[in-house]
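> Just the structure for this:
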Amino acid sequence: MVSEPLAPDVQSPQLPQAAQPAGSVARKKSWMARLKQGLSRTGRSIGGLFVGSKIEESLYEDLESALIMADAGVQAATQLIQQLRKRVNRDRLQTPEQVRDALVDVLTEHLVCLEKPFDVGHVKPQVVMIAGVNGAGKTTSIGKLAYTLQKHQLKVLLAAGDTFRAAAREQLVEWGHRNNIAVIAQQGGDPAAVAFDAVHAGHARELDVVMVDTAGRLPTQLHLMEELKKIHRVIRKADPEAPHEVLLVVDGNTGQNALAQIKAFDAALTLTGLIVTKLDGTAKGGILAALAAGTQGCRPVPVYWVGVGEQLEDLQPFVAREFAQALVGDSANE
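Numbering: from 1, shown residues only. So this is what the prediction gives:
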């Protein structure tokens, strides 16, 4: 079944920040406030260490422990503290506030390998395959991205490839209705066939982006992972150059387990990017530092987007410095 776009919803949500006109300092401050709130658990833990402290060995030890507890892992935490020591000695830093700022710089340099813009427009249609485990926020993220792309005057088509869960299919169709975006969906049937039809439709309608939702699965479910590979192969039959992007949606609350997910899906599909969701006050956030360090042999896959809530404006491009600032927190512990 093909669900065609309905008339625009007069009560559709506000335009996401990433798609609004540039130059608004207020919007940037609003996003940073939400990001800091989303990573407040770690921000308080690390930022509080600089209150009334001295630049001595115990501070480095406490910072390293805080980073490990924030899911950065031993490898990344050790690298970061080593770089921080060098920076403090090189620049002859004298105050805890200076050391805190240096940690932000060091963490930014560490995370910048994950920073990459989501490039749209170099091919038409651009086929984006999106995977993830159940509950990671995959379908919601697709809806948010579709809305953002549409506000950039791009013509988008969604493919409801999660044919096993009726709720997932209905959720994606609802996103399409709300945002005036067409959705290709089937009740039951072969998800690879849905993806195939969507790619062909994207070419026939001269669309800009085709996003294919896939059924949530754990990397240990080998038969489902094989099906995911099949979808990938079938998309390539419809378009030899596709999929142009293969994204994995990762729940920011899963901690070190996220690395196992990334490694498994990367081995099966060769990921091009990540969407990290649910950085909503309970997530620790240090997992991105572990990813950047290549912990557990995990390739540093770029992070395109991070999400801190349910609203459309709560999904924004990943910027290493912004993330580092939120992760380190305020020395005043505000």
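> quick one, helices of the stretch 51-200 of the chain?
Per DSSP state H, counting those that start in this stretch, the stretch 51-200 of the chain carries helices over the ranges 57-67, 73-91, 96-111, 138-151, 166-179, 191-204.
> any idea how far Asn257 is from the spatially closest residue to Asp71 that is not a sequence neighbour?
Leaving aside its sequence neighbours, Asp71 sits nearest to Gly286 (C-beta to C-beta, 6 or more residues apart in numbering; 4.1 Å). Backbone N, C-alpha and C define where each C-beta goes, glycine included. Distance, Gly286 to Asn257, using C-beta to C-beta, to the nearest Å: 13 Å.
> Likewise for Ala70?
Counting by C-beta to C-beta, the gap from Ala70 to Asn257 is 15 Å.
> Which of these two has more residues huddled nearby?
Neighbour count, other C-beta atoms under 10 Å: between Ala70 and Asn257, Ala70 has more, with 25 against 14.
> and the spatially most central residue of the chain, helix, strand or coil?
By C-alpha atoms, centre = their mean, the chain has its centre lying nearest to Ile275, at 1.9 Å. Following DSSP: H, G, I helix; E, B strand; the rest coil, Ile275 is assigned to strand.
> Quick check, it in contact with Gln316.
No. Look at Ile275 against Gln316 with C-beta atoms under 8 Å: they stay out of range, at 10.9 Å.
> Pull up the overlap in contacts between those two.
The contact sets of Ile275 and Gln316 overlap at Trp305, Val306, Gly307 (C-beta atoms under 8 Å, 6 or more residues apart in numbering).
> Which of these ranks first by neighbour count?
Highest count within the shared contacts of Ile275 and Gln316 by other C-beta under 10 Å belongs to Val306, 28 neighbours.
> ok so it is a helix residue?
No. Val306: not assigned to a helix; according to three-state DSSP it is strand.
> Please name the residues that touch it.
Val306 touches Leu35, Gly252, Ile275, Val276, Thr277, Leu279, Leu315, Gln316, Pro317, Phe318, Phe323, counting by C-beta under 8 Å, 6+ apart.
> give me that answer again for 10 Å
By C-beta atoms under 10 Å, 6 or more residues apart in numbering, the contact set of Val306 is 35, 38-39, 250, 252, 274-279, 283, 285, 288, 314-319, 322-323, 326.
> what's the overlap in contacts for Gly286 and Asn257?
In contact with both Gly286 and Asn257: Asp71, using C-beta under 10 Å, 6+ apart.
> ok so, going back, which one of the helices of the stretch 51-200 of the chain has the lowest average pLDDT?
Among the helices of the stretch 51-200 of the chain, helix 166-179 carries the lowest mean pLDDT, at a mean of 77.
> Report the buried residues of stretch 280-295.
280, 283-293, 295 (16 or more other C-beta atoms under 10 Å).
> Pro240: how many residues sit nearby?
7.
> Please report how far it lies from Thr272.
On the measure of C-beta to C-beta, Pro240 and Thr272 end up 17 Å apart.
> now Leu93
In this view, Leu93 and Thr272 are 39 Å apart by C-beta to C-beta.
> Sketch out the low-pLDDT regions of this protein for me.
1-29, 163-166, 168, 188, 216-221, 281, 331-334 (pLDDT under 70).
> As a check, name the ranges of all strands in it.
Counting by DSSP state E, the chain has strands at residues 2-3, 126-132, 156-161, 182-184, 209-214, 245-251, 273-277, 303-307, 315-317.
> still on that earlier bit, okay, among the buried residues of stretch 280-295, which ones form the most distant pair?
The distance between the two most remote of the buried residues of stretch 280-295 (C-beta to C-beta) is 24.3 Å, for Asp280 and Ala293.
> wait, what's in contact with Gly161?
Contacts of Gly161 by C-beta under 10 Å, 6+ apart are 129-131, 168-169, 172, 184-186, 190-195, 198, 211-215, 228, 231, 235.
> Beta-bridge partners for it, please?
Under DSSP bridges, the beta-bridge partners of Gly161 are Thr214.
> Next, find the distance separating it from Lys144.
18 Å.
> Surely Ser40 and Ala326 touch.
Yes. Between Ser40 and Ala326 there is a contact at 8.4 Å, judged by C-beta atoms under 10 Å.
> Need the residues touching each of the two.
What both Ser40 and Ala326 touch, as defined by C-beta under 10 Å, 6+ apart, is the set Leu279, Gly285.
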